[in-house]
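Undergrad: Need coordinates for the following:
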Amino acid sequence: MPPFKIANLSLFSGQEDQVIKVSNDLWQSLVPSNHTKDYITVSVSIPSLAVQPPISNTETKSALSSFIVHCKSTQQGDGKNLLYVSTKLVQSVYGQDALARLDEDEEDTSSCSVHIQPVELIELDELIIGALNQKTFEFAQQDQDALTNLFIQEPKRIIRTSEHCDFGNGLAFEILMTSPVQQGYVVSGDRTRVLTVDLSDPESQDDSHKATSDGASVSNLFNMLSSPIAPQVIEPKEFNVVILQKHWPEARLYPTPNTSDDDECRVFVDIKDLADCGVFSGDWVLVSANDPKRSRLCRVYGIDSSQNNVVYLPPVLYFNLGLPLPPASMDEAKITITKVNQPPTEGPPVATAVSIARIASPASMDKALQSAFLDSLKGWFEAKERIVCKGDVIAICLDEESARLRPQDDDLDATPIYTKPTTLAYFKVTRLADQVEDSKVHPSYFGSGRRIVPSKTQMVQTGIEYSRVPVGPISHYYNFTEKLPLIRSTSAAYKQLHELVSSSLHPLGRDFEVSCNALFHGPRGGGKATLVKEVVEDLGLHLYEFSIYDVVSDTDAKTEVHLRAKFDKATALAPCVVLIRHMEGLAKKSAVVESGQEPLLATVLQECIKNVNAAHSSTGYPVMVIATTGDIDTLPSSVLSCFRHDVAINAPDEGTRLQILENLLGHSPLAPDISLSNLATQTAALVAKDLVDLVGRAGVLSLQRIDRSIHRKVEVPEEQESEGSSSSTHENSSVTTQDIQAAGITLTAADFETALGEARSSYSDSIGAPKIPNVTWDDVGGLAGVKDDILDTIQLPLEHPELFGAGLKKRSGILLYGPPGTGKTLLAKAIATSCSLNFFSVKGPELLNMYIGESEANVRRVFQRARDAKPCVIFFDELDSVAPKRGEKGDSGGVMDRIVSQLLAELDGMGEGGEEAGAGDVFVIGATNRPDLLDPALLRPGRFDKLLYLGVSQDHESQLKIIEALTRKFRLHPDLDLRRVADRCPFHYTGADFYALCSDAMLKAMTRVADSIETKVAILNAEKRSDLPDPLTAQYYLSHMVTPDEIVVQAEEIDFIKALEELIPSVSATELAHYSKVREKFEKVEEDDVNEEVENKDDDDAAILASLVESALVQAKKNDELKPIVEKKRKGKGKARAN
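TA: Prediction:
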């Protein structure tokens, strides 16, 4: 496939959105030599429209960066690579304001370049459309084939996500979602599933009209700014300040800036504010803040913003204007924009000389990078005519890896490789000399900024300066390879660290010797280092990062030397934050226990931290030390004492997970069926690194899904191929990666669901991973009274937490007991599903460990993981095996007693910890068949204080509900009455027995159908038909002769009757009587219930006795039928043995 061609865009007014035309020269360069059709399918991208501005007034953004369209040749524009596109197509893909951004009123459209390349169309698997009016929706519901035929044309109709389709006669649709790609075509309704959603809502139509009017208003405002009538407001205007998150694309500015203009000296205001200032977009204005020595001339541009009286600045310009930095409040930062009466054409005067010094930072002090930074600094000045003031900071980007691998010989002609930067070095303007001119204009007219022209300005590099650096999203603004989260964390750890570092930066911090030495601890992959980097970037500090394993050597003496060298280097980088990762590698608590002595390296670490704190007085800026560890329990006390502050980072809650997902998926194409809030709920107990892996897995799965879809279209059975489908199969077989990329890839909910399942299976260890089950109350038959009691205990605190704010403890422990097979586990899962709680199932043997103390640690880990995944339900199945009575069993080392004690302590901590301790919204449900074997301390109030008995059904109505719940997904015969089946069941069947009954009945139904097939095959074999193979097999009959009605499996009443005759109850009447006694022991049954049980006792006993007698009679009848045969065989064998 040839690479893309660069062509010039030419717009024409029209409604055509399927076909574009190109000039003959461009057509010849696109079409291969063996092409026979009069059209070709191409992908077109308009770079100037594909870029998104950092600030936008519209909430929705274009779903497509390029569009696929059919292309035909035209004789117009010979000699030029021209591409003719309708205005409707451009607006439908890039938005209603696309024409205003293209400056369509200009006569010369050749200045707008586009990229065009041939592609192959991809067939769609699924098409979800929205009916924009009631007539359209009724048409889609009545005739599905006619609906599909609307999208089938020749040449193939290209369907694009988010486009509006008007087929006339009042039929209008909006394309909501296409799969597997965003642009494709439909062959037939059998190959593509078409779903319709009703969008006939007046509000949606109002929104579309509003968007159209917004696009028109933008165009009108730009035209107003270009009019010769200038506003008459000349007074200075004050603005609030917002720091830009990324570079403003020059293609989105009007008028287009000159190539020599300094992109760091541009300010952006709303179009209305631009008119209030009395200037045009692109004019020179005087920008000043509190310090007049920092004022300068800047270009001002009008943008479409939703905020008035706000100016947007680059991070470096914000810093250079002398605006407040933390710990001062940045919300009150204001600047003044003043119109210049006679704006200069070239900008401020030219400086004669400028002196520049390096700002001490880890990158600028690296000798291996100094020459690369100086070359980049030279190129920065040569690229544009820069405007600087004395005291300004200059940011120079660099790809560190490429700089270290660059050739050292200056004579070597090395081709430059353009890569994304990975680091920044800062320089400071220490001296600025003006050009002496005789002018009537006062020097303050231009501000303090002077223009640097390499041919006229002498540049001198001086020594080293210590300074803070610009604040804000630096990694996003300079497009680093590894970017920090754009949406900052709102966790308590971030706020605590921000306060600690800010206090050290306070002017009085040096006088009071305030130092920030903190230890961060939390789960691995929890974002400890990222959190520190966020604070460093937000406060304008340097970061010096190293791992403790980089300094650990064979002996303590070598380790000490390396550690002191690291801290000595950090002292020269003030203001700086020293980030030490994996602090647990310095010393182990286990080594201290064995030797009985504290490690010497702890004393060295304490001395190093003390020395860097002393640098505050010499340089005027602090050096702060922050260490991270994944397991704080392994650190000895001597190492812990080196840090004044201890900051814990817990697993992210649902809100934090949603914020992380928004950061990760901010620039990813998402399908409309994805709900990030729902995804955040489903990812409980996953830390930040796990979420990064989840998004990566989803991306890989989306590519695999597209690949499977394309290959599935290719592998069509021969008998199903038609003339149209065979051609589409041929096209799909030649689909390349470029075609898929041009068609558009999206992440769907199915991708994340599969990725989440893979992630859980890989993250789950011996204890398991919490997740929300998929069990509804429809799966649970009966148990209505128990359901209400459980929901009162769990759902009430979740929905009304204000009721428990006055010191009232939550009841968070429920014990389910009763005979086996009564649905205790199923009930617990249904509770978690209905309340949207994570379900954490724990089996007793999973907690046991051969090492002393590990079993109790497993109990602590279970409750900690539940707190990380809250709201969560911990389900202890077979609780009697986990917490038996203490002191009665002589287990080795008393491990069971210690487990019970640890379990009691955790249950008490849940009731008393509250939200601050992370104990809120965590509930414990235990299930046991023998509550009399449990430790009595577990059953006191505050622990398992709610005991619920789950017994067998005492009436046929409850049995009917259980059978209906078990058979709700079965295919039942229309004549089957489940009530008659329930009337045949005795009253000592448990839920497990009913499950066996229904499963056996369906199995017998399948056996009956299989027997009928075998009978038909035997009859056909007996007929000896010549048109059939001899012998005829069941496999041949099923694949060639069977009808759909013959293989339908429907459970009938006879199947349930046979299953009932063979079913043996799992719980006997004697065992039920025992469970009733246990219930009377642990529950105080109300007097009415006791009287009712006494009145019905005889009836229940009679019913149980009758069922037992009936079972005995049936068994006796079977024995009588087998008795003669058995006796004869035994008699004969006995005589033989006697002889």
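Undergrad: What are the phi and psi values at Pro473?
TA: phi -80, psi 70 (degrees, to the nearest 10).
Undergrad: again, but for the one 5 residues further on
TA: Its backbone dihedrals place Tyr478 at phi -100, psi 10, with angles given as degrees, to the nearest 10.
Undergrad: Quick one: mean pLDDT over stretch 523-535.
TA: In this model, stretch 523-535 has an average pLDDT of 92.
Undergrad: Just the residues contacting that stretch, thanks.
TA: Stretch 523-535 is contacted from outside by 484-485, 488-489, 491, 493-494, 497-498, 501, 520-522, 543, 545, 577, 579, 581, 626, 628, 630, 649-652, 687-690, 868, using Cβ atoms under 8 Å, 6 or more residues apart in numbering. For glycine as for every other residue, the C-beta is placed from the backbone atoms N, C-alpha and C.
Undergrad: got the contact list for the spatially most central residue of the chain?
TA: Computing the C-alpha centroid of the chain and ranking residues by Cα atoms, centre = their mean puts Leu661 first, at 3.3 Å. Neighbouring residues of Leu661 by Cβ under 8 Å, 6+ apart: 676, 679-680, 683, 691, 695.
Undergrad: Mind picking the lowest-pLDDT entry from those residues?
TA: Thr683 (85).
Undergrad: Tell me the spatial nearest neighbour of it, not counting adjacent residues.
TA: Arg657 (5.5 Å; Cβ to Cβ, 6 or more residues apart in numbering).
Undergrad: Now the one you found: which helix or strand?
TA: Here Arg657 sits within helix 654-664, counting by DSSP states H and E.
Undergrad: Name the residues of that helix that come out as buried.
TA: Within helix 654-664, the residues scored as buried using 16 or more other Cβ atoms under 10 Å are 654, 656-661, 663-664.
Undergrad: Could you do stretch 939-946 as well?
TA: Neighbour-count burial for stretch 939-946 [16+ other Cβ under 10 Å]: 939, 943-946.
Undergrad: Go through those and say which is closest to Val700.
TA: Proximity of the buried residues of stretch 939-946 to Val700 (Cβ to Cβ) peaks at Phe944, which lies at 44.7 Å.
Undergrad: Would you map the strands across the stretch 401-550 of the chain?
TA: 423-434, 450-452, 458-465, 517-521, 542-547 (DSSP state E, counting those that start in this stretch).
Undergrad: and what of the stretch 751-900 of the chain?
TA: With DSSP E, counting those that start in this stretch as the criterion, the stretch 751-900 of the chain has strands at 813-817, 838-843, 872-877.
Undergrad: hang on, the earlier thing: then the helix holding Arg657 to CSV, C-alphas only?
TA: What follows is helix 654-664, C-alpha atoms only, in CSV (Å, rounded to 0.1, in the frame of the first residue of the first chain):
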residue,chain,number,x,y,z
GLU,A,654,-13.9,4.0,44.4
GLY,A,655,-13.6,7.7,43.9
THR,A,656,-9.8,7.5,43.6
ARG,A,657,-10.0,4.6,41.2
LEU,A,658,-12.4,6.6,39.0
GLN,A,659,-9.9,9.4,39.0
ILE,A,660,-7.1,7.1,38.0
LEU,A,661,-9.2,5.6,35.2
GLU,A,662,-10.0,9.1,33.9
ASN,A,663,-6.3,9.9,33.8
LEU,A,664,-5.5,6.7,32.0
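Undergrad: can you list the strands of the stretch 751-900 of the chain in JSON lines and add distance to Leu150, mean pLDDT and mean neighbour count?
TA: What follows is the strands of the stretch 751-900 of the chain, written out as JSON lines (distance: least, Cβ to Cβ, whole Å; pLDDT from 0 to 100; neighbours: other Cβ atoms under 10 Å):
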{"stretch": "strand 813-817", "distance to Leu150": "56", "mean pLDDT": "86", "mean neighbour count": "25"}
{"stretch": "strand 838-843", "distance to Leu150": "45", "mean pLDDT": "82", "mean neighbour count": "22"}
{"stretch": "strand 872-877", "distance to Leu150": "49", "mean pLDDT": "86", "mean neighbour count": "24"}
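Undergrad: Which stretch among the ones you listed approaches Ala275 most closely?
TA: strand 838-843 (54.6 Å).
Undergrad: Remind me what the closest one packs against, helices and strands.
TA: With contacts defined as 3 or more Cβ pairs under 8 Å, 6 or more residues apart in numbering; DSSP states H and E, strand 838-843 has these neighbours: helix 824-834, helix 854-868, strand 872-877.
Undergrad: Just name the most buried of the ones you listed.
TA: Compared across the helices and strands packed on strand 838-843, strand 872-877 shows the largest average neighbour count, a mean of 24 (mean count of other Cβ atoms under 10 Å).
Undergrad: Report the angle between it and strand 813-817.
TA: For strand 872-877 against strand 813-817, the angle by axes from the mean of the first three to the mean of the last three Cα atoms, to 10 degrees is 30 degrees.
Undergrad: Relative to the whole chain's centre, how far out is strand 872-877?
TA: Its chain's C-alpha centre and that of strand 872-877 lie 26 Å apart, by Cα atoms, centre = their mean, to the nearest Å.
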